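In: Using only what follows, build the 3D model:
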Amino acid sequence: MNLSEPTDPEGTTVNVSCAAGAQVQVMLDGVPAAALGQLALLQLNATERDNRCSFFCNASLEVDGVILHRDRSIQLRVLYGPKIDPAKCPQHLMWKGKTTQVLQCQARGNPDSQVQCLHEGSRSQVPVGIPFRVSLNYSGTYYCQAASSQGTYTVTVAINFQDRNHLTITIVIGVLILTLVVIAALWYVFGLQKRSDIYYVNQGSTWLPLTSRQPDEALEEQPS
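Out: Now for the predicted structure:
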């Protein structure tokens, strides 16, 4: 049994052959050769799915009424570039600060690829597949790249953190702001009411108009 190349890059044509000599019937993956003594041939275009695929050859020969058998198998290895499955490398993460997390960002490929995630700005590296204690320093966008002799593959991962202390401070500040708004609103309402009362008293004050009297009327009112 023979492979044109035991290790082939993805996309190349692979020939698998099986031969056992004259008067021997051979079958390759269950498909017999055209006639006794001829080889069985299989041709395929190598893909990622064919990696580690095994092919089986069976040879049979009748000798004095007894059928003799011999089997053999061979495995194909296909080289293909790294690929990162989004399901195994989430592109949006939300973690709580001061907790231990693991960035799972797995890549497949042959040969095995190395994966590293670098911050887009500082180029600092976040551990991949290793537990680490997170903090706000790790927040940001990362380029996770898988690299091997067959090429590279990159995905973007956004990491955000919820800092407990920061959240508490935010809540306290929010409460203080709300309190100040309420106090200002009350001050405005009561101040406006006070001004309104003063205005109402001034407008509503009673007074009698002065009228002029004639001299005769004044004399008549004097006691006799």
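
In: Measure how buried the closest residue to Cys18 other than its chain neighbours is and give me the count.
Out: Spatially, and ignoring its direct neighbours in sequence, Cys18 is nearest to Cys57 (3.6 Å; CB to CB, 6 or more residues apart in numbering). Placement of C-beta: from N, CA and C, glycine included. Per other CB atoms under 10 Å, the neighbour tally for Cys57 reads 23.

In: and if you look at Leu76?
Out: If you count neighbours by other CB under 10 Å, Leu76 ends up with 20.

In: so it makes contact with Thr47?
Out: No. With contacts counted by CB atoms under 8 Å, Leu76 stays clear of Thr47, the gap being 10.7 Å.

In: about what we covered before: in a helix, the residue nearest to Cys18, correct?
Out: No. Read with DSSP: H, G, I helix; E, B strand; the rest coil, Cys57 is strand and lies in no helix.

In: Would you check that it makes contact with Val26?
Out: Yes. The pair Cys57 and Val26 passes the contact test of CB under 8 Å, sitting 6.2 Å apart.

In: overlap in contacts of these two?
Out: Between them, Cys57 and Val26 share these contacting residues under CB atoms under 8 Å, 6 or more residues apart in numbering: Cys18, Ala40.

In: domains of the chain?
Out: If you go by automatic domain parsing, the domain ranges for the chain are 2-79, 85-162, 164-200.

In: Any idea how far apart the tips of the second one sit?
Out: Start to finish, the residues bounding domain 85-162 are 26 Å apart (CA to CA, to the nearest Å).

In: quick one: the nearest residue to Gly37 once chain neighbours are set aside from Ala34, how far?
Out: Distances taken as CB to CB, 6+ apart place Ala22 nearest to Gly37, at 4.4 Å, with adjacent residues excluded. For Ala22, the distance to Ala34 equals 14 Å [CB to CB, to the nearest Å].

In: Am I right that Leu79 falls within a helix?
Out: No. Counting by three-state DSSP, Leu79 is not found in a helix; it is strand.

In: and the spatially closest residue to it that is not a sequence neighbour, what are its phi and psi?
Out: What sits nearest to Leu79 in space, not counting adjacent residues and going by CB to CB, 6+ apart, is Pro9, at 4.7 Å. The phi and psi values for Pro9, taken as degrees, to the nearest 10, are phi -70, psi 150.

In: Go ahead and confirm Pro9 touches Asn45.
Out: No. Taking CB under 8 Å as the definition, Pro9 is not a contact partner of Asn45, at 11.4 Å.

In: The chain: helices as residue ranges?
Out: 164-204, 215-220 (DSSP state H).

In: looking at the ones you listed, which has the lowest confidence?
Out: Ranked by mean pLDDT, the helices of the chain bottom out at helix 215-220, which scores a mean of 50.

In: which non-adjacent residue is nearest the residue sitting nearest the centre point of the chain?
Out: For the chain, the residue nearest the mean C-alpha position is Gln91 (1.9 Å; CA atoms, centre = their mean). Leaving aside its sequence neighbours, Gln91 sits nearest to Val157 (CB to CB, 6+ apart; 5.5 Å).
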